[in-house]
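Q: Let me see the structure of the following:
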Amino acid sequence: MIKVRNEIIPFREGITVADVFREIGETIHPTTLVTLNGKVIPYTKLHHWVLSDGDELRLLPIISGG
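A: Residues are numbered from 1 along each chain as shown. The predicted structure follows:
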């Protein structure tokens, strides 16, 4: 299983970070931080980063103001 937000996605061999967010209908923007087990994953690697069973993903939108 892969946990993302309050959802559980079934683990399958070769699933990537981008695959998981596509499955839950979430668009990842370059200004959104994605963490895997508490560590930031670079935006450029989301389509290639293969997950392991039990991983936990989070989206952290960057908010700025003035």
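
Q: tell me the helices in the protein, going along the chain?
A: For the chain, the helices defined by DSSP state H cover 17-23.

Q: Now tell me which helix or strand of it has the poorest mean pLDDT.
A: strand 56-61 (a mean of 90; mean pLDDT, DSSP states H and E).

Q: List the neighbouring strands of that strand plus their orientation.
A: Its sheet considered, strand 56-61 pairs with strand 2-4 (parallel), strand 32-36 (antiparallel) by DSSP bridges.

Q: most tightly surrounded among these?
A: A comparison of those by mean neighbour count, using mean count of other Cβ atoms under 10 Å, puts strand 2-4 on top with a mean of 19. For every residue, glycine as well, the C-beta is placed using N, CA and C.

Q: Contacts for it, please.
A: With contact meaning Cβ atoms under 8 Å, 6 or more residues apart in numbering, strand 2-4 is reached by 8-11, 15, 20-21, 24, 51, 53-58.

Q: Return the distance of it from the chain's centre.
A: 8 Å (Cα atoms, centre = their mean, to the nearest Å).

Q: what is the rounded mean pLDDT of it?
A: Average pLDDT, strand 2-4: 95.

Q: Grab the nearest non-local neighbour of H48.
A: Once flanking residues are discounted, H48 sits nearest to T16: 6.5 Å by Cβ to Cβ, 6 or more residues apart in numbering.

Q: do I15 as well
A: L51 (5.3 Å).

Q: All set, thanks.
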